[in-house]
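Undergrad: Got a sequence here, can you build the structure:
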Amino acid sequence: MIDRLSQLIFNIYEAFTVALYMREKDMLNCISAVTFARSFDQKRPVPIESTLPGWVIKHNSPLIIPNFDKDEDVLGYYGGDEGIKSFMGYPMDTSGVIIVDCKKKYVFTDKEKKILASFASLIHEEMEREEKAAHAEETIDELFAERRIMNLLSALNTSKVSTPEVLSEILGLSGGSFCFIGTERKGRLAVQDVAGIASGDMVQKECPAGSIASLVLEGGHELLLPHDSAYLREKPVLFPNEPFKARQFFGFPLITEDTTFGVLGFISLNEIKLKESAIGALRNVSSLFSLYFTTQWMREHLDRIRDFDPVTGAVQFPVFLGAVESLARKKERFSILCVKLGNMALYNRRMGCDGTNDLLRRVCQVIRYCAGGKTFVARKNGGRFFVLLKGGETYETRNMMKLLYHAIGKSLAEEGLSPGAGVIELGTVSYPDDSTDPWELFDRIEEKKIRKYIE
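TA: This next block holds a predicted model:
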């Protein structure tokens, strides 16, 4: 529509050139033109300073030169001499200007200026309509993009897609050159995944304190830097001597329970700006990523604690049995030591459940200390513990039983239990001497137990 209005103005004024320029910083960019001139380049920006179209913009006032006798360089839009004799320019606020020129003198008067004012108003209204239509279309695209991202995040939660695939979709929403996710590792931000640029050696690399991305992690607040921000010239986004030159940066913190644990960052490397209209959507995406990582870590944590006794931290008996069966399949010699603390009902009555649990934790610590830090210790139920030792039954194994007896007796005495109140059962078996069947070993250990009262 704007091109049709330019053509209509061109025909009405019998002009040599009609062009519509819009301001961008200190330059004017042509968005529509009709001309006979061979030296006119629509892609050529016109400086605001020292040109007639720039004068119209700066003063926000129409300009008519009926007898143009100046150097044509002052027009700014020709690459050579075109023999222009008349010039007229009309502003559209301070954002744009319509220029009309002609090879005849005294063509433009106040009457032509009034007509051009009407065209300027029509063009301004048309541009507003186009801008609203483009904004509506962009909003619809963003809504569809958000829906696709939601579906991808759902698929990510079930491991059907990878994090970089989700990032690639989000990158399109931001309008950036590339994006990344970084998570906290020992107090530093480490890049986890990248999309839109070759990751090279960036993944798993730690960002030093003071980098722009690290500031988001340290402050726990989003950081939205404008295009060509001076801050981006002073500091690296991720690393010193990074293999790219950032022109713009949006950073959003990943947060769980008021603790910042990561950053979702978007970077522009060229003239194309990050979409300010997408900031709200990107902020929502960062919240969804926060929930995803929190859920993932919780799932991993639950998987880990499922294998351990919640009271003592010893491994659960099925895990211990799996280790025993593994050694048996490999035909490796090993011993199993059983330590059973008796009179658990007595301890519960005297000390309460919390006190008994504290006692069991101390007993487990004593077993680990006596048997060695890397020893496999399991708690089956109540006060029964099993210890897996590589190698057959030896003098050291029997000596360890005596050491455990005295160490556990000391722990019970420290709890104020009277002599004779505590009972400890100790037993040991070895593979393959006592049996080659792992299950039979546990039956044999019950037969070989020694029951002692704590003195």
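
Undergrad: Just the pLDDT for the residue nearest to residue 177 when sequence neighbours are not counted.
TA: Of all residues not flanking residue 177 in the chain, residue 269 sits nearest, at 4.0 Å (CB to CB, 6 or more residues apart in numbering). In this view, the C-beta of every residue, glycine as well, is placed from N, C-alpha and C. At residue 269, the pLDDT value in this model is 94.

Undergrad: Please tell me how far residue 269 sits from residue 243.
TA: From residue 269 across to residue 243, the span is 11 Å (CB to CB, to the nearest Å).

Undergrad: Among the two, which residue is more densely surrounded?
TA: Per other CB atoms under 10 Å, whichever of residue 269 and residue 243 has more neighbours is residue 269, with 15 against 11.

Undergrad: Run through the residues that contact the more buried one.
TA: 177, 178, 244, 245, 246, 247 (CB atoms under 8 Å, 6 or more residues apart in numbering).

Undergrad: Helices of this protein, residue ranges please.
TA: Counting by DSSP state H, one finds helices in the chain at the ranges 2-13, 52-59, 110-157, 163-174, 212-219, 230-234, 279-305, 317-329, 344-371, 395-414, 438-447.

Undergrad: among the contacts of residue 269, who's most crowded?
TA: residue 246 (24 neighbours).

Undergrad: Residue 194: neighbour count?
TA: Should you count by other CB under 10 Å, residue 194 turns out to have 21 residues around it.

Undergrad: what's it in contact with, if anything?
TA: Residue 194 touches 164, 167, 178, 179, 180, 202, 203, counting by CB under 8 Å, 6+ apart.

Undergrad: Can you flag the buried ones in the residues you listed?
TA: 164, 167, 178, 179, 180, 202 (16 or more other CB atoms under 10 Å).

Undergrad: Closest to residue 71 out of the residues you listed?
TA: Residue 71 lies nearest to residue 178 out of those, by CB to CB, at 46.2 Å.

Undergrad: mind checking pLDDT for the closest one?
TA: What the model reports for residue 178 is a pLDDT of 93.

Undergrad: same thing with the one 10 residues further on?
TA: Taken from the predicted model, the pLDDT recorded for residue 188 is 88.

Undergrad: same check, this time on residue 352
TA: pLDDT at residue 352 comes out at 82.

Undergrad: how close does it get to residue 359?
TA: 11 Å.

Undergrad: quick one: which of the contacts of residue 269 is nearest to residue 430?
TA: residue 178 (60.0 Å).

Undergrad: related to what we said a few turns ago, and of the buried ones among the contacts of residue 194, the nearest to residue 309?
TA: residue 164 (38.6 Å).

Undergrad: hang on, that closest one packs against residue 196?
TA: No: assessed by CB atoms under 8 Å, residue 164 is found out of contact with residue 196, at 9.3 Å.

Undergrad: Quick check: which ranges of this protein have low pLDDT?
TA: For the chain, the stretches with pLDDT under 70 are 133-146, 148-161, 298-305, 373-374, 392-399, 411-422, 451-455.

Undergrad: looking at the helices of the chain, which is closest to residue 24?
TA: Closest approach to residue 24 among the helices of the chain (CB to CB): helix 52-59, 11.2 Å.

Undergrad: For residue 19, which non-adjacent residue is closest in space?
TA: Excluding the flanking residues, the one nearest residue 19 by CB to CB, 6+ apart is residue 33, at 4.0 Å.

Undergrad: quick one, what contacts that neighbour?
TA: Shown in contact with residue 33 (CB under 8 Å, 6+ apart): 6, 17, 18, 19, 20, 40, 42.

Undergrad: PyMOL command for the buried members of those?
TA: One line in PyMOL is enough to select the buried ones among the contacts of residue 33; burial here means 16+ other CB under 10 Å:
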select buried, resi 6+17+18+19+20+40
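
Undergrad: mind putting the contacts of residue 33 in a markdown table, distance to residue 113 included?
TA: Converted to a markdown table, these look like this (distance: CB to CB, whole Å):
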| residue | distance to residue 113 |
| --- | --- |
| 6 | 17 |
| 17 | 17 |
| 18 | 14 |
| 19 | 17 |
| 20 | 16 |
| 40 | 23 |
| 42 | 25 |
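
Undergrad: Just the ones in strands from the contacts of residue 33, please.
TA: 17, 18, 19, 20 (DSSP state E).

Undergrad: could you measure the closest residue to the first one other than its chain neighbours against residue 205, distance?
TA: For residue 17, ignoring the flanking residues on the chain, the nearest one in space by CB to CB, 6+ apart is residue 35 at 4.0 Å. Taking CB to CB as the measure, residue 35 falls 53 Å from residue 205.
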